[in-house]
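>>> no sequence for this one, just the structure:
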């Protein structure tokens with residue numbers, strides 16, 4: 001799924017809001033790849049050199065709005081692992097999924113499959129620090145915000161090999 005988000009190197013989660021009307025609003029801040037490679041110290045190992053990826057004053061802020069989210073799952077990216085049920089389309093940050101373990105769980109443990117007022121689709125949104133899986137009736141809309149990033153928020157250190 002191609003969106004405006006594809007123009008960035010990466011994204012970090014800024015916030016998530018689930019409104020009473022069903023809207024799920026995910027705010028992101030851009031991760032910008034540094035220009036100079038650095039070595040990464042991990043325990044007693046020295047890796048790299050890699051490019052640091054950071055939120056900078058010129059980072060853009062974006063919003064992904066799911067206007068009618070009926071179920072969602074959010075988890076820390078460091079816990080991500082293979083999902084043998086996952087079948088998704090191509091993309092960089094936002095994907096349409098036709099199946100996943102999350103979808104199977106949601107449909108087997110809730111009445112979402114029987115009570116949803118309209119057909120729904122699954123979406124996968126990947127950032128540097130969080131992964132979201134969303135069942136929504138309408139496709140999400142990604143847009144840039146006319147805001148500056150909050151540089152006081154501590155972000156995880158991430159690195160780019162290329």
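Everything's here; your move. A quick note: this is a predicted structure, and the numbers were derived from the prediction, not measured.
>>> so how far is residue 108 from the closest residue to residue 100 other than its chain neighbours?
Distances taken as CB to CB, 6 or more residues apart in numbering put residue 86 closest to residue 100, at 4.6 Å, once the chain neighbours are dropped. Placement of C-beta: from N, CA and C, glycine included. Residue 86 sits 16 Å away from residue 108, taking CB to CB, to the nearest Å as the criterion.
>>> among the two, which residue is more densely surrounded?
Set residue 86 next to residue 108 and count neighbours by other CB atoms under 10 Å: residue 86 wins out with 17 against 9.
>>> which ones are touching the residue nearest to residue 100?
When contacts are counted by CB atoms under 8 Å, 6 or more residues apart in numbering, residue 86 is found next to 97, 99, 100, 101, 124.
>>> between these, which is nearest residue 81?
residue 101 (10.2 Å; CB to CB).
>>> coming back round to it: roughly how far does the residue nearest to residue 100 sit from residue 98?
Relative to residue 98, and taking CB to CB, residue 86 is found at 9 Å.
>>> same deal with residue 159?
When residue 159 is compared with residue 98 (using CB to CB), they lie 32 Å apart.
>>> the chain: strands as residue ranges?
Counting by DSSP state E, one finds strands in the chain at the ranges 10-18, 24-33, 38-42, 45-54, 61-66, 69-76, 87-88, 94-99, 121-126, 130-136, 141-145, 158-160.
>>> can I get those in TSV including mean pLDDT and distance to residue 112?
Conversion of the strands of the chain to TSV gives the following (pLDDT from 0 to 100; distance: least, CB to CB, whole Å):
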stretch	mean pLDDT	distance to residue 112
strand 10-18	97	15
strand 24-33	98	14
strand 38-42	91	41
strand 45-54	95	36
strand 61-66	98	14
strand 69-76	96	6
strand 87-88	95	19
strand 94-99	96	15
strand 121-126	97	11
strand 130-136	97	7
strand 141-145	97	22
strand 158-160	94	33
